[in-house]
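K.L.:
The amino acid sequence is not available; the structure is as follows:
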């Protein structure tokens, strides 16, 4: 999974009915301290995450291993809200 | 899913019969404001998108979770037209 | 799918019997005008493409959605020969 | 699989029950000598690895070929602890 | 598939029994002349390849389409030894 920051939300005319009922979060991968790096992508929210949250996102077929996304053309989900990151024995991020 | 701009269309001699009947859109991933970045790719259109539209594209096996693309050698679909993008509480893109 | 230029062919001692009977084309992804960019990769030919052709290649599990490649350790196929590319309303490539 | 260094651990509020019981290791891909390069990612620990270990990580649907991760939205696992790396006939890394 | 040079081997404490019995080759993707570029990765050997060989590697679910790797958390295999590469009508590599 990738460590990502939720930076926003997109409203879109989605073909698939089940996807239509979900929140589509705009995420950006971060480094190990939670600092955004790289290009944005959109993931279906499974955990009621919000803008600013640090999350884990699952990609590829992993994204369809849930009741909401099964058999839908979805390739990314937010599957966890990160509470804290510990790197080399130090807490480098803690959810406030 | 990726946020992408539809920049064109390709006509190709496709082996697979079902794919042959579809629109093959040339897309480029964008940043979170809709500005194209990165290399182009081709996705099967599911939502009657047109050149200039900002869309979401699904990749990998996600692209075959539809009646049109099931069991075809397709790895990318346009599965939504983006209405607007909201980043950090501001509308950064709105479909005109 | 990726837009790619066929730049050559490889002869290899392949373990899988069915793959052994196929043409293994060396491809390079191109930009939207057909100019090669990026690293080469090898795709199983499904459409009798030749060196110099501009093609579409399907990747990942998409590459096994054909009678030839089903259940084989293949992750890329040439699934279409591009006739022309139209970008922003202009023909930027046409097969000669 | 990628050669990766375990650099830390994340505690996260995970939706999926089975994933909730696992260790989520923060990894960074390394070069062939074990030196970290590239962005971090999070993988489910299958081999009781610890911070500092050099490991192999499996990605994509490979990550769900275990009893722990089957049918979960997981796309990366630590599936081996590296004992040594031999490159061009020389031992370039040995676990201490 | 990627064109890759086998640069070494790794010995690792692998959880999966079937994977444990295989050779884990360290590979680096090459350009179209066989010159290594990019980061190393580890692939299960299916063709008795050795250090220095130029090979084709299959990635993702393709890597599990063999008796050895079926249902294992493996995402890369060496599935062919390259005999020669012909680019733009010239032999640019021939196995010695």
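P.N.:
Happy to help now that I have it. All of these numbers come straight from a predicted model, not from anything done at the bench. Numbering: from 1, shown residues only, chains lettered A, B, ... in the order given.
K.L.:
per-residue pLDDT, the most centrally placed residue in chain A?
P.N.:
Centroid-nearest residue in chain A: residue A:78, 3.1 Å away (criterion: C-alpha atoms, centre = their mean). What the model reports as pLDDT for residue A:78 is 96.
K.L.:
Secondary structure element holding it?
P.N.:
Secondary structure assignment for residue A:78, by DSSP states H and E: strand A:76-87.
K.L.:
Could you list the buried residues of that strand?
P.N.:
Under the neighbour-count criterion of 16 or more other C-beta atoms under 10 Å in any protein chain shown, strand A:76-87 has A:76-82, A:85-87 buried. Placement of C-beta: from N, CA and C, glycine included.
K.L.:
so which of those residues comes closest to chain E?
P.N.:
residue A:76 (16.2 Å; C-beta to the nearest C-beta).
K.L.:
on that earlier part again, so what's the residue nearest to the centre of chain A up against?
P.N.:
A:4, A:6, A:25, A:27, A:43-47, A:49, A:55-57 (C-beta atoms under 8 Å, 6 or more residues apart in numbering or on different chains).
K.L.:
Dump those residues into a markdown table; add pLDDT, secondary structure and neighbour count as well.
P.N.:
Below are these laid out as a markdown table (pLDDT from 0 to 100; DSSP: H, G, I helix; E, B strand; the rest coil; neighbours: other C-beta atoms under 10 Å in any protein chain shown):
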| residue | pLDDT | secondary structure | neighbour count |
| --- | --- | --- | --- |
| A:4 | 98 | strand | 27 |
| A:6 | 98 | strand | 22 |
| A:25 | 98 | strand | 25 |
| A:27 | 98 | strand | 26 |
| A:43 | 97 | strand | 28 |
| A:44 | 96 | strand | 24 |
| A:45 | 95 | strand | 20 |
| A:46 | 93 | coil | 24 |
| A:47 | 94 | coil | 17 |
| A:49 | 96 | coil | 24 |
| A:55 | 97 | strand | 27 |
| A:56 | 97 | strand | 28 |
| A:57 | 97 | strand | 28 |
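K.L.:
Reformat those residues as TSV; add distance to residue A:95.
P.N.:
Converted to TSV, the contacts of residue A:78 look like this (distance: C-beta to C-beta, whole Å):
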residue	distance to residue A:95
A:4	14
A:6	12
A:25	16
A:27	16
A:43	18
A:44	21
A:45	16
A:46	17
A:47	13
A:49	11
A:55	10
A:56	13
A:57	16
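K.L.:
all strands of chain A, in order?
P.N.:
In chain A, the segments counted as strands under DSSP state E are A:2-14, A:24-30, A:36-45, A:54-59, A:76-87, A:90-94.
K.L.:
Relative to residue C:65, which of those is closest?
P.N.:
strand A:54-59 (20.5 Å; C-beta to C-beta).
K.L.:
From the contact counts, what lies against that closest one?
P.N.:
strand A:2-14, strand A:24-30, strand A:76-87, strand D:2-14 (3 or more C-beta pairs under 8 Å, 6 or more residues apart in numbering or on different chains; DSSP states H and E).
K.L.:
thinking again about what came up before, and the contacts of residue A:78, which is closest to residue A:67?
P.N.:
So of the contacts of residue A:78, ranked by how close each gets to residue A:67 (C-beta to C-beta), first place is residue A:46, at 9.7 Å.
K.L.:
Can you give me every residue that contacts that closest one?
P.N.:
A:66, A:68-69, A:77-79, D:15, D:73.
K.L.:
Next: residue A:23.
P.N.:
A:9, A:44-45.
K.L.:
Export the residues you listed to a markdown table and append columns for distance to residue B:31.
P.N.:
Below are the contacts of residue A:23 laid out as a markdown table (distance: C-beta to C-beta, whole Å):
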| residue | distance to residue B:31 |
| --- | --- |
| A:9 | 16 |
| A:44 | 21 |
| A:45 | 21 |
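K.L.:
Those residues also near chain B: which ones?
P.N.:
residue A:9 (C-beta under 8 Å from any C-beta of the partner chain).
K.L.:
quick one: low-confidence ranges for chain A?
P.N.:
Across chain A, nothing is flagged by pLDDT under 70.
K.L.:
So which residues on it come close to chain D?
P.N.:
Residues of chain A lying near chain D (C-beta under 8 Å from any C-beta): A:1-3, A:29, A:31-32, A:37-38, A:46-47, A:55-56, A:58-63, A:65-66, A:77, A:79-89, A:92.
K.L.:
let's see it at 6 Å
P.N.:
Selection of chain A residues close to chain D by C-beta under 6 Å from any C-beta of the partner chain yields A:1-2, A:32, A:46-47, A:56, A:58-62, A:65-66, A:77, A:79-87.
K.L.:
any idea how far residue A:46 lies from residue C:28?
P.N.:
38 Å (C-beta to C-beta, to the nearest Å).
K.L.:
chain center to stretch A:11-28, what's the gap?
P.N.:
13 Å (C-alpha atoms, centre = their mean, to the nearest Å).
K.L.:
Might you enumerate the residues of chain A proximal to chain B?
P.N.:
A:7-15, A:26, A:40-42, A:60-61, A:71-75.
K.L.:
Quick check: residue A:40 touching residue B:34?
P.N.:
No: judged on C-beta atoms under 6 Å, residue A:40 makes no contact with residue B:34 at a distance of 10.5 Å.
K.L.:
Test my guess that residue A:80 contacts residue D:10.
P.N.:
No: applying C-beta under 6 Å as the test, residue A:80 and residue D:10 come out as separate, 8.4 Å apart.
K.L.:
now stretch A:63-77: how far from the chain's centre is it?
P.N.:
13 Å.
K.L.:
Pull out the buried positions in that stretch.
P.N.:
A:63-66, A:69, A:72-77.
K.L.:
Run through the bridge partners of the residue nearest to the centre of chain A.
P.N.:
Judged by DSSP bridges, the bridge partners of residue A:78 are residue A:45, residue A:57.
K.L.:
got it, and residue A:87?
P.N.:
Partner residues in beta bridges with residue A:87, using DSSP bridges, are residue A:90, residue D:8.
K.L.:
roughly how far apart are it and residue A:27?
P.N.:
In this view, residue A:87 and residue A:27 are 20 Å apart by C-beta to C-beta.
K.L.:
just residue A:90 next, same as before
P.N.:
25 Å.
K.L.:
Check residue A:4 too.
P.N.:
For residue A:4, the distance to residue A:27 - C-beta to C-beta - is 4 Å.
K.L.:
before we move on, back to that, and the buried ones among the residues of chain A next to chain B, selectable in ChimeraX?
P.N.:
Burial among the residues of chain A next to chain B is assessed by 16+ other C-beta under 10 Å; the matching ChimeraX selection reads:
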select /A:7,8,9,10,11,12,14,15,26,40,41,42,60,61,72,73,74,75
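K.L.:
so what's residue A:53 up against?
P.N.:
A:6, A:81 (C-beta atoms under 6 Å, 6 or more residues apart in numbering or on different chains).
K.L.:
repeat that for 8 Å
P.N.:
With C-beta under 8 Å, 6+ apart, residue A:53 has these contacts: A:5-6, A:81-82, A:95.
K.L.:
No further questions, thank you.
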